[in-house]
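**Student:** show me the folded form of this:
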Amino acid sequence: MSRSIEDYLKGIYTLKKKKEYSNKKLAEYLNISPASVSEMIKKLANDDYLTIDKKTVKLTEKGNSFALDIIRKHRV
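**Tutor:** Numbering: from 1, shown residues only. As a prediction, the model looks like this:
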């Protein structure tokens, strides 16, 4: 898994926990453009890491599991 995918999953997980998720907030969190976020969100959805429903992004079980693993790995 690429570093950028890890960063996105970690960012989505973190912002969702804070109830602050939006593409704009994720772009700020990752210090990248909102257009880049939109592009990667589509890729992550195609790879079954998340689902998109009416502009709402939700981590799938696979995405949530990877995000938690990433967070745990960085805490050690």
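**Student:** what's stretch 60-68 in contact with?
**Tutor:** Under the contact criterion C-beta atoms under 8 Å, 6 or more residues apart in numbering, stretch 60-68 has outside partners Met1, Glu6, Leu9, Lys10, Ile12, Tyr13, Leu44, Asp48, Tyr49, Leu50, Thr51, Leu59. (Each C-beta comes from the backbone N, C-alpha and C, glycine too.)
**Student:** by pLDDT, rank those and give me the bottom one.
**Tutor:** Of all the contacts of stretch 60-68, Met1 has the smallest pLDDT value, namely 67.
**Student:** quick one: the strands in the protein?
**Tutor:** 50-53, 56-59 (DSSP state E).
**Student:** out of these, flag the one nearest Val37.
**Tutor:** With distances scored as C-beta to C-beta, the stretch of those nearest to Val37 is strand 56-59 (9.9 Å).
**Student:** mind listing the strands that closest one pairs with, and their directions?
**Tutor:** Strand 56-59 has the following strand partners under DSSP bridges: strand 50-53 (antiparallel).
**Student:** return the set of buried residues in the partner strand.
**Tutor:** Leu50 (16 or more other C-beta atoms under 10 Å).
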